[in-house]
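K.L.:
Model the following, please.
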Amino acid sequence: MASNNNIDISSTGGYDVMVIGEHPPQLHCGICTLLIKNAMHGCINHAFCKSCIKKHIECGIKVEGKVMCPGGCNQIINPTKLEPNKFADRMVNTLTTKCMNDNCLWQGPSNKL
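P.N.:
Numbering: from 1, shown residues only. Coordinates of the predicted model:
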């Protein structure tokens with residue numbers, strides 16, 4: 001997955017959990033690589049956490065003043081046409097996850113995150 005070196009990804013919006021079982025890699029944000037949270041369409045091929053794509057639009061690589069998709073497809077992102085990716089959100093909500101902290105024993109459906 002692509003990560004934009006110009007963006008501070010330490011405070012991104014993805015879920016920092018471990019997914020139990022198989023799941024499509026497209027359910028991970030192409031910027032922070034965490035399980036996608038509040039998915040947004042960045043372009044036809046990629047989805048990102050809402051907070052990650054907003055940071056990318058503000059701080060990411062621009063070519064001739066246009067925001068390029070951080071997923072590596074070289075498509076231009078129109079910031080005024082970002083839309084929620086409800087399908088990705090529904091898919092994330094069906095996953096069983098577990099906490100990544102050593103002292104945390106929580107595990108359950110991701111829609112309880």
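K.L.:
can you pull the contacts of the residue nearest to G71 when sequence neighbours are not counted?
P.N.:
Spatial nearest neighbour of G71, excluding adjacent residues (C-beta to C-beta, 6 or more residues apart in numbering): H46 at 3.4 Å. Where you see a C-beta, it was placed from the backbone N, CA and C, and this is true even at glycine. H46 is in contact with 30, 69-71, 73, counting by C-beta atoms under 8 Å, 6 or more residues apart in numbering.
K.L.:
which residues touch D89?
P.N.:
Counted by C-beta under 8 Å, 6+ apart, D89 has contacts 36, 38-39.
K.L.:
For the host helix or strand of it, the averaged confidence score.
P.N.:
Taking DSSP states H and E as the criterion, D89 maps to helix 86-93. Mean per-residue pLDDT for helix 86-93: 92.
K.L.:
What is the subsequent helix or strand relative to it?
P.N.:
strand 96-99.
K.L.:
Paired strands for the helix or strand following that following strand, with orientation please.
P.N.:
Per DSSP H and E, strand 96-99 leads on to strand 107-109 as the next helix or strand towards the C-terminus. Paired strands of strand 107-109, with direction, are strand 96-99 (antiparallel) (DSSP bridges).
K.L.:
Report the rounded mean pLDDT for the strand it pairs with.
P.N.:
Across strand 96-99, the per-residue pLDDT values average to 87.
K.L.:
quick one: that strand to chain centroid distance?
P.N.:
17 Å (C-alpha atoms, centre = their mean, to the nearest Å).
K.L.:
Fine, thanks again, bye for now.
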